[in-house]
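Enquirer: next one to model:
(one chain, ligands or ions: 1)
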Amino acid sequence: MIQEIMRETLENARPAVAQGEVASYIPELKKADKNQLGLSIFTMEGERYSVGDTKVRFSIQSISKVISLAVALELCGFETVFDQVGMEPSGDAFNSLVKLEISDSHPSNPMINSGAIAVSGYIEPKIPFDQMLTFTRRLCMDPGIGLDSRVYESEMSHISRNRAIAYLLENKGVLRNDVERTLDFYVKMCSLSVTAESLAGLGLLLANGGVSPETGVRLLKKKTVKVVKTIMLTCGMYDGSGEFAIRVGIPSKSGVGGGILAVADKKMGIGIFGPSLDEKGNSIAGERMLQYLSEKLKLHMFEA
Ligand code: GLN
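Expert: Residues are numbered from 1 along each chain as shown. Alright, predicted model coming up:
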(Lines give C-alpha, C1' and ligand atoms only; values in the text may rest on other atoms or scores of the structure.)
Protein backbone atom coordinates (compact mmCIF):
# COMPACT_ATOMS: atom_id res chain seq x y z
CA MET A 1 0.00 0.00 0.00
CA ILE A 2 2.71 2.50 0.99
CA GLN A 3 4.80 1.35 -1.98
CA GLU A 4 1.77 2.04 -4.18
CA ILE A 5 1.39 5.58 -2.79
CA MET A 6 5.12 6.17 -3.28
CA ARG A 7 4.90 5.12 -6.92
CA GLU A 8 1.94 7.46 -7.39
CA THR A 9 3.90 10.22 -5.63
CA LEU A 10 6.81 9.80 -8.00
CA GLU A 11 4.68 9.79 -11.13
CA ASN A 12 2.70 12.79 -9.94
CA ALA A 13 5.93 14.76 -9.49
CA ARG A 14 7.65 13.64 -12.69
CA PRO A 15 6.29 16.44 -14.94
CA ALA A 16 7.86 19.03 -12.61
CA VAL A 17 11.32 17.84 -13.60
CA ALA A 18 11.05 19.66 -16.93
CA GLN A 19 10.49 23.00 -15.16
CA GLY A 20 13.81 22.95 -13.32
CA GLU A 21 17.52 22.77 -14.10
CA VAL A 22 20.45 20.92 -12.59
CA ALA A 23 22.91 23.07 -10.64
CA SER A 24 25.60 24.45 -12.91
CA TYR A 25 27.71 26.75 -10.73
CA ILE A 26 29.70 23.70 -9.63
CA PRO A 27 30.63 22.26 -13.07
CA GLU A 28 30.68 18.63 -11.92
CA LEU A 29 27.02 18.88 -10.84
CA LYS A 30 26.02 19.80 -14.42
CA LYS A 31 26.65 16.19 -15.39
CA ALA A 32 23.64 14.93 -13.43
CA ASP A 33 20.74 13.50 -15.40
CA LYS A 34 17.90 15.82 -14.54
CA ASN A 35 15.28 13.13 -15.16
CA GLN A 36 16.38 10.97 -12.28
CA LEU A 37 13.96 10.68 -9.39
CA GLY A 38 14.04 8.57 -6.28
CA LEU A 39 12.08 8.31 -3.06
CA SER A 40 12.93 6.20 0.00
CA ILE A 41 11.05 5.83 3.26
CA PHE A 42 12.44 4.11 6.34
CA THR A 43 9.87 3.71 9.10
CA MET A 44 10.12 3.43 12.88
CA GLU A 45 8.65 -0.05 12.53
CA GLY A 46 11.76 -1.10 10.64
CA GLU A 47 10.29 -1.17 7.13
CA ARG A 48 12.24 0.21 4.21
CA TYR A 49 10.56 1.24 0.98
CA SER A 50 12.17 2.63 -2.15
CA VAL A 51 10.91 3.65 -5.58
CA GLY A 52 12.88 5.03 -8.52
CA ASP A 53 16.55 6.01 -8.51
CA THR A 54 17.25 5.46 -4.85
CA LYS A 55 20.61 3.75 -5.20
CA VAL A 56 22.17 6.41 -7.41
CA ARG A 57 24.98 8.27 -5.63
CA PHE A 58 24.94 12.06 -5.70
CA SER A 59 26.59 14.70 -3.58
CA ILE A 60 24.97 15.60 -0.32
CA GLN A 61 25.80 19.32 -0.70
CA SER A 62 23.89 21.47 1.80
CA ILE A 63 22.29 18.53 3.57
CA SER A 64 25.70 18.10 5.20
CA LYS A 65 24.91 21.34 7.08
CA VAL A 66 22.57 19.27 9.24
CA ILE A 67 25.35 16.85 10.14
CA SER A 68 27.89 19.59 10.81
CA LEU A 69 25.42 21.44 13.02
CA ALA A 70 24.64 18.28 14.97
CA VAL A 71 28.34 17.57 15.49
CA ALA A 72 29.00 21.19 16.51
CA LEU A 73 26.21 21.04 19.08
CA GLU A 74 27.65 17.81 20.46
CA LEU A 75 31.25 19.03 20.57
CA CYS A 76 30.88 22.72 21.42
CA GLY A 77 27.45 23.01 23.03
CA PHE A 78 24.41 25.12 22.22
CA GLU A 79 25.66 28.39 23.70
CA THR A 80 28.91 28.40 21.77
CA VAL A 81 27.30 27.46 18.46
CA PHE A 82 24.60 30.10 18.67
CA ASP A 83 26.88 32.78 20.05
CA GLN A 84 28.12 33.60 16.55
CA VAL A 85 25.41 32.08 14.34
CA GLY A 86 21.72 33.06 14.46
CA MET A 87 18.55 30.98 14.53
CA GLU A 88 16.42 33.02 12.15
CA PRO A 89 15.40 32.28 8.57
CA SER A 90 17.35 34.62 6.32
CA GLY A 91 14.85 35.16 3.53
CA ASP A 92 17.86 35.38 1.21
CA ALA A 93 19.50 32.95 -1.18
CA PHE A 94 21.64 30.22 0.38
CA ASN A 95 24.89 31.78 -0.82
CA SER A 96 24.00 35.38 -0.04
CA LEU A 97 26.38 37.66 1.79
CA VAL A 98 24.17 40.72 1.70
CA LYS A 99 23.08 40.67 5.35
CA LEU A 100 26.58 39.94 6.56
CA GLU A 101 27.80 43.22 5.18
CA ILE A 102 24.94 45.61 5.87
CA SER A 103 24.53 44.80 9.52
CA ASP A 104 27.01 44.08 12.23
CA SER A 105 25.37 40.73 12.48
CA HIS A 106 26.59 37.20 12.15
CA PRO A 107 25.11 34.57 9.78
CA SER A 108 21.32 34.29 10.10
CA ASN A 109 21.31 30.52 10.63
CA PRO A 110 23.45 27.37 10.20
CA MET A 111 21.54 26.12 7.13
CA ILE A 112 22.86 28.77 4.73
CA ASN A 113 26.43 28.87 3.49
CA SER A 114 27.67 31.63 5.78
CA GLY A 115 26.28 29.88 8.87
CA ALA A 116 27.58 26.48 7.82
CA ILE A 117 31.03 27.89 7.11
CA ALA A 118 31.05 29.42 10.59
CA VAL A 119 29.97 26.06 12.05
CA SER A 120 32.72 24.31 10.07
CA GLY A 121 35.16 26.73 11.67
CA TYR A 122 34.08 25.53 15.12
CA ILE A 123 34.47 21.85 14.40
CA GLU A 124 37.38 21.64 11.96
CA PRO A 125 40.02 21.91 14.73
CA LYS A 126 38.13 19.40 16.89
CA ILE A 127 37.37 16.54 14.56
CA PRO A 128 39.33 15.31 11.53
CA PHE A 129 37.37 14.95 8.31
CA ASP A 130 37.89 11.16 8.31
CA GLN A 131 36.06 10.95 11.60
CA MET A 132 33.23 13.08 10.19
CA LEU A 133 32.99 10.65 7.32
CA THR A 134 32.84 7.64 9.63
CA PHE A 135 30.22 9.32 11.79
CA THR A 136 28.15 10.30 8.73
CA ARG A 137 28.14 6.67 7.60
CA ARG A 138 26.80 5.63 11.00
CA LEU A 139 24.17 8.38 11.10
CA CYS A 140 22.94 7.40 7.62
CA MET A 141 23.34 3.65 8.16
CA ASP A 142 25.27 3.60 4.91
CA PRO A 143 28.87 2.34 4.93
CA GLY A 144 29.10 3.16 1.22
CA ILE A 145 29.27 6.94 1.75
CA GLY A 146 32.55 8.39 0.52
CA LEU A 147 34.11 11.61 -0.67
CA ASP A 148 33.39 12.30 -4.33
CA SER A 149 36.76 13.75 -5.23
CA ARG A 150 35.57 15.06 -8.60
CA VAL A 151 32.82 17.11 -6.98
CA TYR A 152 35.25 18.24 -4.28
CA GLU A 153 37.82 19.44 -6.81
CA SER A 154 35.19 21.03 -9.01
CA GLU A 155 33.76 23.01 -6.11
CA MET A 156 37.22 23.94 -4.80
CA SER A 157 38.08 25.47 -8.15
CA HIS A 158 34.84 27.51 -8.16
CA ILE A 159 34.96 28.63 -4.58
CA SER A 160 35.22 32.43 -4.94
CA ARG A 161 31.83 33.23 -3.48
CA ASN A 162 32.20 30.98 -0.46
CA ARG A 163 35.75 32.23 -0.02
CA ALA A 164 34.40 35.80 0.03
CA ILE A 165 31.87 34.78 2.66
CA ALA A 166 34.54 33.05 4.73
CA TYR A 167 36.92 36.04 4.70
CA LEU A 168 34.07 38.37 5.57
CA LEU A 169 33.29 36.10 8.52
CA GLU A 170 36.92 36.20 9.56
CA ASN A 171 36.95 39.97 9.27
CA LYS A 172 33.92 40.16 11.58
CA GLY A 173 35.51 37.86 14.12
CA VAL A 174 32.88 35.16 13.56
CA LEU A 175 35.36 32.78 11.97
CA ARG A 176 38.38 32.41 14.18
CA ASN A 177 39.73 29.24 12.66
CA ASP A 178 42.06 29.21 9.64
CA VAL A 179 39.92 30.30 6.66
CA GLU A 180 41.33 27.95 4.03
CA ARG A 181 41.22 24.90 6.29
CA THR A 182 37.63 25.76 7.21
CA LEU A 183 36.62 26.06 3.55
CA ASP A 184 38.32 22.81 2.68
CA PHE A 185 36.43 21.04 5.47
CA TYR A 186 33.12 22.65 4.44
CA VAL A 187 33.54 21.61 0.80
CA LYS A 188 34.59 18.08 1.71
CA MET A 189 31.42 17.69 3.75
CA CYS A 190 29.37 18.97 0.78
CA SER A 191 31.09 16.45 -1.51
CA LEU A 192 30.05 13.32 0.36
CA SER A 193 28.22 10.96 -1.94
CA VAL A 194 24.92 9.67 -0.64
CA THR A 195 21.76 8.04 -1.99
CA ALA A 196 18.08 8.69 -1.31
CA GLU A 197 18.31 5.65 0.96
CA SER A 198 21.15 7.13 3.02
CA LEU A 199 19.04 10.25 3.55
CA ALA A 200 16.06 8.15 4.64
CA GLY A 201 18.41 6.47 7.14
CA LEU A 202 19.52 9.81 8.55
CA GLY A 203 15.91 10.99 8.60
CA LEU A 204 14.89 7.94 10.58
CA LEU A 205 17.64 8.49 13.14
CA LEU A 206 16.41 12.05 13.63
CA ALA A 207 12.76 10.91 13.75
CA ASN A 208 13.87 8.46 16.43
CA GLY A 209 15.38 11.22 18.59
CA GLY A 210 19.03 10.38 17.86
CA VAL A 211 19.03 6.67 18.65
CA SER A 212 20.14 4.37 15.86
CA PRO A 213 17.14 2.27 14.94
CA GLU A 214 19.51 -0.47 13.77
CA THR A 215 21.64 -0.88 16.86
CA GLY A 216 19.70 0.92 19.60
CA VAL A 217 22.81 3.02 20.27
CA ARG A 218 22.34 6.74 20.91
CA LEU A 219 24.40 8.66 18.35
CA LEU A 220 23.14 12.17 19.09
CA LYS A 221 21.80 13.79 22.25
CA LYS A 222 18.07 14.43 22.48
CA LYS A 223 18.62 18.17 22.69
CA THR A 224 20.85 18.18 19.61
CA VAL A 225 18.18 16.42 17.60
CA LYS A 226 15.46 18.76 18.84
CA VAL A 227 17.45 21.83 17.77
CA VAL A 228 18.42 20.33 14.41
CA LYS A 229 14.84 19.39 13.51
CA THR A 230 13.56 22.81 14.49
CA ILE A 231 16.17 24.60 12.39
CA MET A 232 15.34 22.29 9.48
CA LEU A 233 11.70 23.31 9.77
CA THR A 234 12.38 27.04 9.88
CA CYS A 235 15.44 27.32 7.64
CA GLY A 236 16.05 24.04 5.80
CA MET A 237 14.62 25.05 2.44
CA TYR A 238 16.40 28.44 2.37
CA ASP A 239 14.14 31.31 1.32
CA GLY A 240 11.44 28.77 0.47
CA SER A 241 11.21 27.53 4.06
CA GLY A 242 8.04 29.40 5.09
CA GLU A 243 5.89 28.27 2.19
CA PHE A 244 7.29 24.75 2.42
CA ALA A 245 6.43 24.57 6.14
CA ILE A 246 2.85 25.52 5.34
CA ARG A 247 2.38 23.28 2.34
CA VAL A 248 4.36 20.25 3.56
CA GLY A 249 4.90 20.67 7.30
CA ILE A 250 7.79 18.19 7.54
CA PRO A 251 11.23 19.42 8.73
CA SER A 252 13.44 19.07 5.67
CA LYS A 253 16.82 20.04 4.29
CA SER A 254 17.72 20.33 0.64
CA GLY A 255 21.00 20.38 -1.26
CA VAL A 256 21.92 21.49 -4.77
CA GLY A 257 22.91 17.90 -5.60
CA GLY A 258 19.14 17.30 -5.73
CA GLY A 259 18.72 15.63 -2.37
CA ILE A 260 16.14 16.35 0.28
CA LEU A 261 16.28 14.90 3.78
CA ALA A 262 12.88 14.93 5.51
CA VAL A 263 11.90 13.89 9.02
CA ALA A 264 8.33 12.91 9.82
CA ASP A 265 8.88 12.98 13.54
CA LYS A 266 8.42 9.71 15.42
CA LYS A 267 7.22 8.12 12.20
CA MET A 268 9.73 7.89 9.40
CA GLY A 269 12.77 9.22 7.59
CA ILE A 270 12.29 10.26 3.98
CA GLY A 271 15.09 10.55 1.42
CA ILE A 272 14.62 12.17 -1.96
CA PHE A 273 16.78 12.47 -5.04
CA GLY A 274 15.81 14.69 -7.97
CA PRO A 275 18.59 16.89 -9.37
CA SER A 276 16.33 19.23 -11.33
CA LEU A 277 16.19 22.33 -9.11
CA ASP A 278 13.91 25.35 -8.80
CA GLU A 279 15.33 28.89 -8.74
CA LYS A 280 15.98 28.68 -5.00
CA GLY A 281 18.13 25.57 -5.38
CA ASN A 282 15.60 23.05 -4.06
CA SER A 283 14.73 19.82 -5.91
CA ILE A 284 11.63 20.84 -7.83
CA ALA A 285 10.09 17.38 -8.13
CA GLY A 286 11.34 16.57 -4.64
CA GLU A 287 9.27 19.35 -3.13
CA ARG A 288 6.27 18.20 -5.09
CA MET A 289 6.78 14.63 -3.90
CA LEU A 290 6.94 15.75 -0.29
CA GLN A 291 3.80 17.81 -0.61
CA TYR A 292 1.93 14.90 -2.17
CA LEU A 293 3.20 12.44 0.44
CA SER A 294 2.40 14.82 3.26
CA GLU A 295 -1.20 15.01 2.08
CA LYS A 296 -1.61 11.29 1.34
CA LEU A 297 0.03 10.00 4.51
CA LYS A 298 -1.08 12.93 6.69
CA LEU A 299 2.46 13.80 7.66
CA HIS A 300 2.06 17.56 8.18
CA MET A 301 3.26 18.16 11.73
CA PHE A 302 0.13 20.18 12.49
CA GLU A 303 -2.24 17.81 10.74
CA ALA A 304 -5.65 18.17 12.38
N1 GLN B 1 28.44 23.31 -1.71
C2 GLN B 1 27.36 24.18 -2.05
C3 GLN B 1 27.77 25.62 -1.88
O4 GLN B 1 28.44 25.93 -0.97
C5 GLN B 1 26.16 23.85 -1.20
C6 GLN B 1 24.97 24.68 -1.55
C7 GLN B 1 23.66 23.98 -1.49
O8 GLN B 1 23.55 22.77 -1.54
N9 GLN B 1 22.62 24.78 -1.48
O10 GLN B 1 27.42 26.47 -2.64
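
Enquirer: show me which residues of the protein sit near the ligand.
Expert: Within the chain, the positions lying close to the ligand (Cβ under 6 Å from any ligand atom) are 61-62, 94-95, 113, 155, 162, 190, 255-256, 281. C-betas here are computed from N, CA, C, even on glycine.

Enquirer: distance check, residue 242 against residue 249.
Expert: With the distance defined as Cβ to Cβ, to the nearest Å, residue 242 ends up 12 Å from residue 249.

Enquirer: still on that earlier bit, redo the residues of the chain next to the ligand as JSON lines? Include neighbour count, secondary structure and distance to residue 174.
Expert: As requested, the residues of the chain next to the ligand are exported to JSON lines (neighbours: other Cβ atoms under 10 Å; DSSP: H, G, I helix; E, B strand; the rest coil; distance: Cβ to Cβ, whole Å):
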{"residue": "61", "neighbour count": "26", "secondary structure": "helix", "distance to residue 174": "22"}
{"residue": "62", "neighbour count": "26", "secondary structure": "helix", "distance to residue 174": "19"}
{"residue": "94", "neighbour count": "24", "secondary structure": "coil", "distance to residue 174": "17"}
{"residue": "95", "neighbour count": "17", "secondary structure": "coil", "distance to residue 174": "16"}
{"residue": "113", "neighbour count": "22", "secondary structure": "helix", "distance to residue 174": "13"}
{"residue": "155", "neighbour count": "24", "secondary structure": "helix", "distance to residue 174": "22"}
{"residue": "162", "neighbour count": "22", "secondary structure": "helix", "distance to residue 174": "14"}
{"residue": "190", "neighbour count": "27", "secondary structure": "helix", "distance to residue 174": "19"}
{"residue": "255", "neighbour count": "27", "secondary structure": "coil", "distance to residue 174": "23"}
{"residue": "256", "neighbour count": "24", "secondary structure": "coil", "distance to residue 174": "23"}
{"residue": "281", "neighbour count": "22", "secondary structure": "coil", "distance to residue 174": "23"}
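
Enquirer: related to what we said a few turns ago, who has more neighbours out of residue 242 and residue 249?
Expert: Higher neighbour count among residue 242 and residue 249: residue 249, with 20 against 13, using other Cβ atoms under 10 Å.

Enquirer: show the model's pLDDT score for that one.
Expert: pLDDT for residue 249: 98.

Enquirer: got it, and the one 10 residues further on?
Expert: The predicted local distance difference test score for residue 259 is 98.

Enquirer: start the count at 19, not 1, going forward
Expert: Okay, residue one is now 19; in that scheme the one you just asked about reads as residue 277.

Enquirer: strands of the stretch 69-218 of the chain, residue ranges please.
Expert: 76-77, 164-165, 210-212 (DSSP state E, counting those that start in this stretch).
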